[in-house]
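[1] coordinates for the following, if possible.
(2 chains)
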Amino acid sequence: MGSISLKQVSKVFGDTTVIPGLDLQIEEGEFVVFVGPSGCGKSTLLRLIAGLEDVSGGVIEIDGRDATTIAPAKRGLAMVFQSYALYPHMSVRKNIGFPLKMAKMDKAEIDRKVEGAASVLNLTDYLERRPGQLSGGQRQRVAIGRAIVRDPAAFLFDEPLSNLDAALRVNMRLEISELHQQLQTTMIYVTHDQVEAMTMADKIVVLQAGRIEQVGSPLDLYHKPRNRFVAGFIGSPKMNFIEGAEAARHDAAAIGIRPEHLSLSKTEGDWKGTVGVAEHLGSDTFLHLNVDDIGAMTARASGEFDVSHGDRIFLSPRADKIHRFGADGNAIP
Amino acid sequence: MARATSIQRRWMITIAAWSVGLLIFFPIFWTILTSFKTEAEAIASPPSLFAFEWTLENYGEVQERSNYFRHFMNSVVISLGSTLLGLIIAVPAAWAMAFSPTPRTKDVLMWMLSTKMLPPVGVLIPIYLMFRDTGLLDTRTGLVIVLTLINLPIIVWMLYTYFKEIPGEILEASRMDGATLRDEIIHVLTPMAVPGIASTLLLNVILSWNEAFWTLNLTAAKAAPLTAFIASYSSPEGLFYAKLSAASTMAIAPILIMGWFSQKQLVRGLTFGAVK
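    Numbers count the residues shown, from 1 in each chain, chains lettered A, B, ... in the order given. Okay, the predicted model is just below:
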C-alpha cells in the first residue's frame, strides 16, 4: 500500500503554467522529499496528489489505481498542513477523532484509536484541551495524530515545520523520521529547507519552475548533482562556482567546489585569498574569502583554524571533488 | 510626571466619551421623558426636566386606541422572518465567494453593495405595482420578502468578511479527513462562524425592526409593524407629542432591551475586519 505514480501531470492556473508536465514514481514505504525554492511548484504538486487541486493534464495513480478525479477523502491519503489546520472549536480528542467520525466508525473504536495515537505522540495529558491552549509543537503533533489514526496509504506533509522555532524543528524532524521508521508508510514531504531534505529523505526530488531537476538519494545529489541548480541548492554552505579562465583549465564553462572540499594553508596552495568574514561555529569555521583573480568564495575550516579579517591564506581544491559544468549548466561527467 | 499625564488623559477621554454618548442618547431620553408628561407639559416652554407630574395616561390611551400587541407581533414576524430568510440565502452565497472566489467575485460584491446606494424611493412605484398585482400589499409575507431583499447585501457582506477570516486550510483539512460538503458546513464552517452569524443576525433584526420606508408604504392595517404604529400618532392627529412619545417608547423598547443584552456581539459584528 502506498505507491504513487505521476504520469505527465501538469497544472495551469489561468495563463500561468505552474507544472508543465512531469513524471514521478514513488515507491511503497519511501520517504520522499520535494525540495526547491519558493514558487517552484512543490506545494502545488503535493496538493495535486492530495486532490485539493485538479490536474490540468496527466494521470495520478495510487496503488496502481487511477485516482486523477477521485475526491481527496477517497484517496486514502492524510495531510499535515503548514498552519496545522486544527479545528479550533474541538478538543484534541475530537480533532484527532474527526476523520474516524467522518468514516462513521463507532464511538468506542474511535476512542481506542485516538488514545493509541495520543500515546504514540505524547498527547495523552492534553486530550481534553483545545488547540488554542497548546504550544506550536503540540499542535503539530495533534495534526500528525489526526493523520495517523486514519491508517493512510501515504502521508503528505506541506512544510510542517516552518512555523516552529529552530530547536523544536530539529526535534520534530527526528520525531517524524522515527515515525516513518515505525510505520513504514509512504511519506511525501515538502520543504524549501535543504537540511530537512538531506536529513529525512530516502529520495529527494529537486524542483525548479515546475520541472524535476533531479531525483535521487541525498548523497547521490550531493556527490553527483546533474546540473548547476542542484549543485547549488544541495549542500550548506553553498557550492562555490568559478567561471572564466580557471574553469577553462578544466575544459568546462564553470567548475564547482564545495566549501568543505577546499584545503586551507597559511604557507602554500593553488589560490591565494584575503579573509573577509570568519564565522566561528566552534566545530567548524566558515571563511568568506576574496580569492585573487576568482572572486568571492566560501571555505570550511576546522574549528581550531585561527584566522581573522584581512589575513592572507592559500586554498587548494581537492582534485577529485571538482564538479565540471558545461555552458548549458549540465554537469560534465 | 508621565503617570500624571496618563491619568489626566484617561479623564479627558472618559469625559469626551460620556459627552458623545449622552449627546447621542439625549433624543431617546427626551422621548421617554416626554411620554410621562401630560400633553400640556409636553409642549411647555421652557420645558421642565424632571419637575413635572409623572403620568402613565399616555400609555393607557395609546394602548386603548391602537392594538400595540398586533403591531408588535408584526414587527417580530417581519424582522425575524426577513433575517432568517436572508441568512439562508446569504450563507451559501458568502461561502462560495469566500472559499471559491472567481476573478469576478469582488465585482459581484461591489454590485450588491451598490444596490444599497440607490434611493429606495426610486423603485417604490415598480415594487408597489408588483405587490399590488401579486396581492402582497399589506401582508407579512410581502414585507419579509422586501426587507430580505433590502438587507441581503449587508448580510452577505458581513458573512463574507467573517468567512474570509476562517483559514481555507482548515476546510481543506476537513476535506482530506473525509468530510462531505455537508459535513464541512455543519461540523467545521458553521461552528467556527457562529459568532459572526450571531452578530449578523442581531444587526439585521435591528435594521429590519427599524425599517420605516417600506413598512410604511407597503402596509395599511393588517401587516403594519411598530414603525407604522408610531407613524399613526404623528401627522393626522396634530401635535400630540406626549402620546407620540409614548408610542415611540413602546416601539423602541423591545429592540433597545435586546440591543442592551447583545452589546458585545453587536460591537464585535460592527467592528469586525477593521482590526486584524
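[2] may I ask you to name the longest helix in chain A?
    For chain A, the longest helix by residue count, based on DSSP state H, is helix A:166-183.
[3] run through the neighbouring helices and strands of it.
    Where contact means 3 or more C-beta pairs under 8 Å, 6 or more residues apart in numbering or on different chains; DSSP states H and E, helix A:166-183 is packed against helix A:136-148, strand A:186-191, helix A:194-200. In short, each C-beta sits where N, CA and C put it, glycine included.
[4] would you mind writing the CA trace of stretch A:38-57 as CSV?
    Extracted in CSV, the C-alpha atoms of stretch A:38-57 (Å, rounded to 0.1, in the frame of the first residue of the first chain):
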residue,chain,number,x,y,z
SER,A,38,9.6,29.1,-3.2
GLY,A,39,7.3,29.2,-6.2
CYS,A,40,8.9,26.1,-7.7
GLY,A,41,5.5,24.2,-7.7
LYS,A,42,6.4,21.8,-4.9
SER,A,43,3.3,22.6,-2.8
THR,A,44,1.1,22.6,-5.9
LEU,A,45,2.4,19.2,-6.8
LEU,A,46,1.6,17.9,-3.3
ARG,A,47,-1.9,19.4,-3.5
LEU,A,48,-2.4,17.7,-6.8
ILE,A,49,-1.5,14.4,-5.2
ALA,A,50,-3.9,15.2,-2.3
GLY,A,51,-6.7,16.1,-4.7
LEU,A,52,-7.1,19.6,-3.3
GLU,A,53,-6.3,20.9,-6.8
ASP,A,54,-7.5,19.4,-10.0
VAL,A,55,-4.8,18.4,-12.5
SER,A,56,-4.9,20.2,-15.9
GLY,A,57,-3.5,17.1,-17.6
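[5] packing partners of the least confident helix or strand in chain A by mean pLDDT?
    Sorting the helices and strands of chain A by mean pLDDT, DSSP states H and E puts helix A:245-248 at the bottom, at a mean of 87. If contacts are counted by 3+ C-beta pairs under 8 Å, 6+ apart, helix A:245-248 sits against strand A:254-257.
[6] helix or strand next in line after the strand it packs on, which one?
    Proceeding N to C from strand A:254-257, the next assigned helix or strand is strand A:262-265, under DSSP states H and E.
[7] relative to that next one, what are the paired strands and their orientations?
    Using DSSP bridges, the strands paired with strand A:262-265 are strand A:312-317 (antiparallel).
[8] from the chain's centroid, how far away is the strand it pairs with?
    33 Å (C-alpha atoms, centre = their mean, to the nearest Å).
[9] tell me which residues of the least confident helix or strand of chain A come out buried.
    By neighbour count with 16 or more other C-beta atoms under 10 Å in any protein chain shown, helix A:245-248 contains the buried residues A:246-247.
[10] coming back round to it: what sits up against the longest helix of chain A?
    The contact list for helix A:166-183 (C-beta atoms under 8 Å, 6 or more residues apart in numbering or on different chains) reads A:31, A:120, A:136-137, A:140-141, A:144, A:148, A:157, A:160-161, A:164, A:187, A:189, A:196, A:199-200.
[11] PyMOL command to pick out the buried ones of these?
    Buried members of the contacts of helix A:166-183, defined by 16+ other C-beta under 10 Å, are picked up in PyMOL with:
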select buried, chain A and resi 31+120+137+140+141+144+148+157+160+161+164+187+189+196+200
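[12] count the neighbours of residue A:108 for me.
    8 (other C-beta atoms under 10 Å in any protein chain shown).
[13] buried set for the longest helix of chain A?
    For helix A:166-183, by 16+ other C-beta under 10 Å, it's A:169, A:172-173, A:175-176, A:179-180.
[14] then stretch A:124-136?
    For stretch A:124-136, by 16+ other C-beta under 10 Å, it's A:126-127, A:129-131, A:134.
[15] just stretch A:62-76 next, same as before
    Buried positions in stretch A:62-76, judged by neighbour count with 16+ other C-beta under 10 Å: A:62-63, A:67-68, A:72-73, A:75-76.
[16] contacting chain B as well, which ones from those?
    A:72-73 (C-beta under 8 Å from any C-beta of the partner chain).
[17] give me the lowest-pLDDT entry from the buried residues of stretch A:62-76.
    Among the buried residues of stretch A:62-76, residue A:73 carries the lowest pLDDT, at 85.
[18] and the nearest residue to that residue once chain neighbours are set aside, how many neighbours does it have?
    Excluding the flanking residues, the one nearest residue A:73 by C-beta to C-beta, 6 or more residues apart in numbering or on different chains is residue B:178, at 3.9 Å. Residue B:178 has 21 neighbours, counted by other C-beta under 10 Å.
[19] correct me, but residue B:178 touches residue A:102?
    Yes - with contact defined as C-beta atoms under 8 Å, residue B:178 counts as touching residue A:102 (3.8 Å).
[20] okay, and the common contacts of those two?
    Common neighbours of residue B:178 and residue A:102 (C-beta under 8 Å, 6+ apart) are residue A:73.
[21] picking up where we left off before, what's the offset of the longest helix of chain A from the middle of its chain?
    With C-alpha atoms, centre = their mean, you get 13 Å for helix A:166-183.
[22] kindly report the same for stretch B:127-134.
    Using C-alpha atoms, centre = their mean, the offset of stretch B:127-134 from its chain centre is 25 Å.
[23] with stretch A:59-67 instead?
    24 Å.
[24] then stretch A:185-204?
    4 Å.
[25] show me which parts of that stretch are buried, residue by residue.
    So for stretch A:185-204, counting by 16+ other C-beta under 10 Å, buried means A:185-194, A:196-198, A:200-204.
[26] one more: stretch B:205-221?
    Quick answer for stretch B:205-221 (16+ other C-beta under 10 Å): B:205-211, B:214-219.
[27] from those residues, pick the one nearest chain A.
    Chain A has its nearest neighbour among those in residue B:205, at 24.5 Å by C-beta to the nearest C-beta.
[28] hang on, the closest one packs against residue B:80?
    Yes - the criterion here is C-beta under 8 Å, and residue B:205 meets it with residue B:80 at 6.5 Å.
[29] identify the residues contacting residue A:29.
    A:2, A:184-186.
[30] how about residue A:305?
    Residue A:305 neighbours (C-beta under 8 Å, 6+ apart): A:264, A:285, A:287.
[31] of those residues, which is the most crowded?
    Going by other C-beta under 10 Å, residue A:287 tops those with 25 neighbours.
[32] check which helix or strand that residue maps to.
    strand A:284-291.
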